[in-house]
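>>> below are the sequence and a predicted model for it; my questions follow.
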Amino acid sequence: MQVEARRSASNRDMAAAFPRYRQAVLGIRNYWYAAALSREVRDRPYKVRLLGEDIVLQRSGGTLHGLRDRCAHRGIPLSLGSSEYPGTISCRYHGFTYELSSGELVGVLSDRPDSRICGKPNVRVKTYPVEERAGIVWVYVGDEPPPPVEADIPPELLADDALVIARRRSQLGGNWRLAAEAGIDEGHARFLHRTSLWATFRAFPAWTQVRAQRSDDGWLSRVVEHIQWDDDHPRLGKWPKKAAWYRRRGFGAARLVGIRLPGIVRVNFAGWTSYEIYVPVDEDQRLEFLVALKSTRSRSSRLLFRMRYALLIHWFFYGGFHAQDNEMVQMMSIPPEALYGPDRSITVWRKMVQDDVRGVPVPMPSAGGGTSSPETT
Ligand code: FES
Ligand SMILES: [Fe+2]
């Protein structure tokens, strides 16, 4: 079996690189995370797991609430419960009833009204800050006081002229970091995606020269400095081997690709923008929000974009092109890894997390009483 060398080709000690990033198996705390589409959360419990924490969301009287999904009595998920009185949730087992806004135990429906357990300060359920923006429910998972939710949402999604079309995908395998890295991964697009129907009419280059660029608004972007459309590999021959006549250079290609904390990838196309929001569920699973943005106030442009989304973007970009990325993420097995030149797009992102992250990563999950390797990805 081959084992990855401790040092990279550039003599970098990879075992010691980016320890905070490596430890962020369950995600990065102290950020707002997309948790559900607004239309999915109604007046009954909605269960979601974020960063390894089970959370129940529920609306009551038009207000959205988030609580830890665990009854303080015997640990039954509150998401199995019901809302017997406005503004409350009752656990299914013994009827412990909590106020949604505070998590306070306000009654036990299997005990006397003067039940002595009510009012005990340690018998309550943790609440989570919850907000709604751009048709998405955002939950703050952290230990520090939350910043305004706008701090963690790309501002163009909140603009008055934003037409936002969002969908959610769940039960996706693979750690959130693999998905975020796939989003910013420079080299794969011209090889993996050349078979995608979305890119049928696009010619793909042999290789590109790319520079990483940080901007003041928190984005790390890949800026293309040179495109080599074909080239010769000494032991293989010309690549790409033969360009089909219907493929055009640059047709429908991304103009700019960027990533920002805590794991949002932005792809700028001509006339619209795609956001892929990667949300850690636990070590091996993630949620993904796929968001298409059209910035226009024109009603006809909005209608046209909705049609373009329904006929093309939904099926061929998110359903085909992007699904190829998910397929890879679910099959990836690292470490070890042997990074090559274009993977610099990945290492600069890892470094950004290492240097700029707001919160500290959650502790490593223990496996069988021990501590799993910080290499676990
Ligand atoms: S476990 Fe919830 S009421 Fe008993
Ligand atoms: Fe991709």
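In hand now; what should we look at? Computed from a predicted structure; not experimentally measured. Ligands and ions are numbered 1, 2, ... in the order given.
>>> could I have the CA atoms of stretch 105-112 written out in PDB?
Extracted in PDB, the C-alpha atoms of stretch 105-112 (Å, rounded to 0.1, in the frame of the first residue of the first chain):
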ATOM      1  CA  LEU A 105     -40.800  24.100  30.800                       C
ATOM      2  CA  VAL A 106     -44.200  25.600  31.300                       C
ATOM      3  CA  GLY A 107     -46.300  22.500  32.200                       C
ATOM      4  CA  VAL A 108     -46.300  18.800  32.200                       C
ATOM      5  CA  LEU A 109     -49.500  17.300  30.700                       C
ATOM      6  CA  SER A 110     -49.100  14.000  32.600                       C
ATOM      7  CA  ASP A 111     -48.700  15.600  36.000                       C
ATOM      8  CA  ARG A 112     -50.600  18.100  38.300                       C
END
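>>> name the helices or strands packed onto the helix or strand where residue 355 lies?
Element membership of residue 355, judged by DSSP states H and E, is helix 344-356. Judged by 3 or more Cβ pairs under 8 Å, 6 or more residues apart in numbering; DSSP states H and E, helix 344-356 is in contact with helix 19-23, helix 176-184, strand 207-214, strand 220-228. Any C-beta I mention is one placed from the backbone N, CA and C, and that applies to glycine too.
>>> could you rerun that using 10 Å?
helix 19-23, helix 176-184, strand 207-214, strand 220-228, strand 256-260 (3 or more Cβ pairs under 10 Å, 6 or more residues apart in numbering; DSSP states H and E).
>>> redo those as CSV? Include mean neighbour count.
Formatted as CSV, those follow (neighbours: other Cβ atoms under 10 Å):
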stretch, mean neighbour count
helix 19-23, 17
helix 176-184, 25
strand 207-214, 15
strand 220-228, 15
strand 256-260, 21
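>>> got CSV for those, with mean pLDDT and distance to ligand 1 too?
Below are the helices and strands packed on helix 344-356 laid out as CSV (pLDDT from 0 to 100; distance: least, Cβ to the nearest ligand atom, whole Å):
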stretch, mean pLDDT, distance to ligand 1
helix 19-23, 89, 33
helix 176-184, 96, 31
strand 207-214, 94, 48
strand 220-228, 94, 45
strand 256-260, 96, 40
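>>> circling back: just want the angle from the helix holding residue 355 to strand 207-214.
10 degrees (axes from the mean of the first three to the mean of the last three Cα atoms, to 10 degrees).
>>> just the CA atoms of helix 344-356, as PDB, please.
Coordinates of each C-alpha in helix 344-356 appear next as PDB, following Å, rounded to 0.1, in the frame of the first residue of the first chain:
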ATOM      1  CA  ARG A 344      -3.700  25.500  -4.900                       C
ATOM      2  CA  SER A 345      -7.300  26.600  -5.200                       C
ATOM      3  CA  ILE A 346      -8.000  24.100  -2.400                       C
ATOM      4  CA  THR A 347      -5.100  24.900  -0.200                       C
ATOM      5  CA  VAL A 348      -5.700  28.700  -0.200                       C
ATOM      6  CA  TRP A 349      -9.200  28.000   0.900                       C
ATOM      7  CA  ARG A 350      -7.900  25.700   3.700                       C
ATOM      8  CA  LYS A 351      -5.500  28.400   4.700                       C
ATOM      9  CA  MET A 352      -8.400  31.000   4.700                       C
ATOM     10  CA  VAL A 353     -10.300  28.800   7.100                       C
ATOM     11  CA  GLN A 354      -7.200  28.300   9.200                       C
ATOM     12  CA  ASP A 355      -6.500  32.100   9.500                       C
ATOM     13  CA  ASP A 356      -9.800  33.800   9.300                       C
END
